[in-house]
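Colleague: below are the sequence and a predicted model for it; my questions follow.
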Amino acid sequence: MMFLALVGLTLIAVASEAVILPIRHAKFHAAEQSTLPAKRSFEVGKDCFLKDGQPFRYISGSFHYWRQPPEYWEDTFMKMRAAGLNTVQTYLNWNLHEPEPLQYNFDGEVDIRRYFQTAQKCGLLVVLRPGPFIDAEVDMGGLPYWLLRMNSSMQLRTSDPSYLHYVDRWYRKVLPLIHDLTYANGGPIISAQIENEYGWVGSDLVYKEFLRDLTKELLGPDIVLFTTDGPVDSAVVGGRVDGTLTTVDFGAGANVTHNFLDVERKFNSDGPLVNSEFYPGWLDHWGEGWITVDWETVVMTMQQMLQLNASFNTYMFYGGSNFGFVAGSNTQDNDGMVPVTQSYDYDAPISEAGDLTVKYMKIRELFQKYSPGPLGPVPPSRPKTAYGKVHLQYTGSLFDHLETLSAEGPVSSPLPLSFEVLKQAYGFVLYRTQIPFNTRDPSKLAVDTLHDRAVVFLDRKPVGILSRTAVVHSMDIYAEAGQTLELLVQNEGRVCSGPINDMKGILGNVSIDGNNLTDWQAFPINLPGFPDNDPQPFAFKARKVRSDVELKRPAFYRGEFYVEVAQDTFLQFDGWRQGYVFVNGRNLGRYWPVQGPQKTLYVPGVFLFEDGINTLELFEVESAPCRHHGQCFVSFVDQPYLNGTATFRSGTRNPFAV
């Protein structure tokens, strides 16, 4: 192995010399088009990329378009550019673009053409990861939930013809929309990934070749294709496919030389070294500690990659938010699972709310050393405002509004039906039956395969909670013949990696003392989701609370507040337990302060009405703190509180140094 040392911008190597490539920035502003070469090209060279025939190294950052309002995209791109990046990387999130079969959405928060064109305007190239599976900690790893309804035995992420049929249809819809935005056609897209870390789960060659050939057909013969896998021989072998560039991924503190020279170079005899996912932080789950990674380790590992002339992408450079029901989950033993938090901050260089961190500044200092010129001014962080308390009024329970929220009425069946069969993508389903026999005192209520969480009611009185997350599938119950048993089942996010055939709802029998209950009704609950191109508040009016029992039922609460100047802010939920919050009809996502670690939810200022009245609504699933006058409120604060038991980003961990 050669001895490497950095001297200025020159890489000194035993018996040879190699010049470290500077970080050159793309120049794609409309006014500059006339200076571009007649035929633009981006290709794999002997030991680096070649852009228009010249050696090129990309320094990229991941930023997913659906995790930030479009009004802020340009600001984030400019902050990435000011840090020294020349490229942005993003997935395409299939399940947001085709929420039901053949119902497509490419507007608003998911307007991918606007996203790519804005990146180009800001001087950034684009690395595209079209999937179809993306993980990204989103529901079902980005695959649409309805695939599970089309064919219950469908083998996802394989060459199963029933799966490939829908992948082919999706690719032929989405990729032609951006064909003109490839680099060869004058756009910013320089490369496209085949699948996503496929070697961790499979090695189906027919599937990989199908995706490779289809992507090439639809994006053109000049697009550079690549695969990404963990820096382990077996994973790379499973994920790679001929005709593409093999790349790896690893995080801060990893053995850079081993991962690049001993693993990746084994599969690419020449061409550039590429880390497609360099982790400066990590994802977070409800009920676990908030994960951070120190900037010193991040910068040290980045410098080691730069010294090897590697191209790399920081995943994430801006993390953003899991608005609505976007967040997925990950599995644990015994069919357990852990849901992903609403914040996707990721301890990234740019925070969830667009703030520039110490990590950002230190990375910028490093990249400045490799830039042929000054990086330019850094855009400021957006101001934050603490709007204070908003007092809320009770507007009725779920049962009061069931006809409105489940307008098509109940679906009857002998046994409970899954969310997928009920065409309920996300959120909640209320299951109802009558107990036909007398029971022992107490009896054991058990649910086989509950996905994921259920509040249990007898005659609309809450009597307990069952939880896949907590691995609680049974409880004592005191019941009599003729009583109504109801379970409000909550989908906490389909598994986003590994075994993603994760159907939701009650998937097995419900029994009392081993006696199965039959004759069920299911009420799919229609709550606003994401994206929503026409958000509207609920039309529920304030009503009197008749007893404390009503405050323990799933219920809605509403308040109004005036905003003079609309700025970013954060919602804090002191005293509340678990539910969803809506601002002017927009579903911000889940709050769960009693579980933590996330205690606040980010509210983009563009979601607020300036110089006007704004509406705030909560769907509290378990228990509201409204028993006494003055306690029924939430607060807008000007700082995030993500760590639950300590100050924001106080601790450090290195979760994924491979």
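Modeller: Structure's in. What do you need? Numbers count the residues shown, from 1 in each chain.
Colleague: where in the chain is pLDDT low?
Modeller: 1-20, 25-38, 629-630, 645-658 (pLDDT under 70).
Colleague: which stretches in it count as helices?
Modeller: 73-83, 94-97, 112-121, 147-150, 161-174, 205-219, 233-239, 256-257, 265-267, 295-307, 358-369, 402-405, 548-551 (DSSP state H).
Colleague: which one of those helices is the most hemmed in?
Modeller: For the helices of the chain, the largest average neighbour count (mean count of other Cβ atoms under 10 Å) is found in helix 94-97, namely a mean of 23. For the C-beta atoms, the positions are set from N, CA and C on the backbone; glycine is no exception.
Colleague: just how off-centre is that helix within its chain?
Modeller: 12 Å (Cα atoms, centre = their mean, to the nearest Å).
Colleague: what's that helix packed up against?
Modeller: helix 161-174 (3 or more Cβ pairs under 8 Å, 6 or more residues apart in numbering; DSSP states H and E).
Colleague: in CSV: the helices of the chain, plus distance to residue 461.
Modeller: Below are these laid out as CSV (distance: least, Cβ to Cβ, whole Å):
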stretch, distance to residue 461
helix 73-83, 48
helix 94-97, 36
helix 112-121, 48
helix 147-150, 34
helix 161-174, 44
helix 205-219, 51
helix 233-239, 51
helix 256-257, 59
helix 265-267, 61
helix 295-307, 52
helix 358-369, 50
helix 402-405, 16
helix 548-551, 6
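Colleague: nearest to residue 444, out of these?
Modeller: helix 548-551 (24.2 Å; Cβ to Cβ).
Colleague: and residue 412, how many neighbours?
Modeller: By other Cβ atoms under 10 Å, the residues close to residue 412 number 11.
Colleague: how many residues are close by the residue lying closest to it once chain neighbours are set aside?
Modeller: In space, and not counting its chain neighbours, residue 412 is closest to residue 521: 5.4 Å by Cβ to Cβ, 6 or more residues apart in numbering. By other Cβ under 10 Å, the residues close to residue 521 number 18.
Colleague: what distance do you get for residue 521 to residue 414?
Modeller: Distance, residue 521 to residue 414, by Cβ to Cβ, to the nearest Å: 11 Å.
Colleague: cool, and residue 588?
Modeller: 38 Å.
Colleague: quick revisit: how about the contacts made by the residue nearest to residue 412?
Modeller: Applying Cβ atoms under 8 Å, 6 or more residues apart in numbering, one finds that residue 521 lies in contact with 410-412, 431-433.
Colleague: tell me which of those fall in strands.
Modeller: Residues of the contacts of residue 521 located in strands (DSSP state E): 411-412, 431-433.
Colleague: looking at those, which one is closest to residue 503?
Modeller: residue 431 (14.5 Å).
Colleague: neighbours of the closest residue to that closest one other than its chain neighbours, how many?
Modeller: Leaving aside its sequence neighbours, residue 431 sits nearest to residue 487 (Cβ to Cβ, 6+ apart; 4.7 Å). Counted with other Cβ under 10 Å, residues neighbouring residue 487 total 24.
Colleague: residue 487 and residue 453 touch, don't they?
Modeller: No: the pair residue 487 / residue 453 is not scored as a contact, 9.9 Å apart, by Cβ atoms under 8 Å.
Colleague: still on that earlier bit, partners of the residue nearest to residue 412 in the sheet?
Modeller: residue 412, residue 432 (DSSP bridges).
Colleague: any idea how far residue 433 is from it?
Modeller: From residue 521 to residue 433 the distance is 7 Å (Cβ to Cβ).
Colleague: tally of neighbours for the nearest residue to residue 117 once chain neighbours are set aside?
Modeller: Distance criterion Cβ to Cβ, 6+ apart; nearest residue to residue 117, sequence neighbours excluded, is residue 181 at 7.3 Å. Residue neighbour count, defined by other Cβ under 10 Å, stands at 20 for residue 181.
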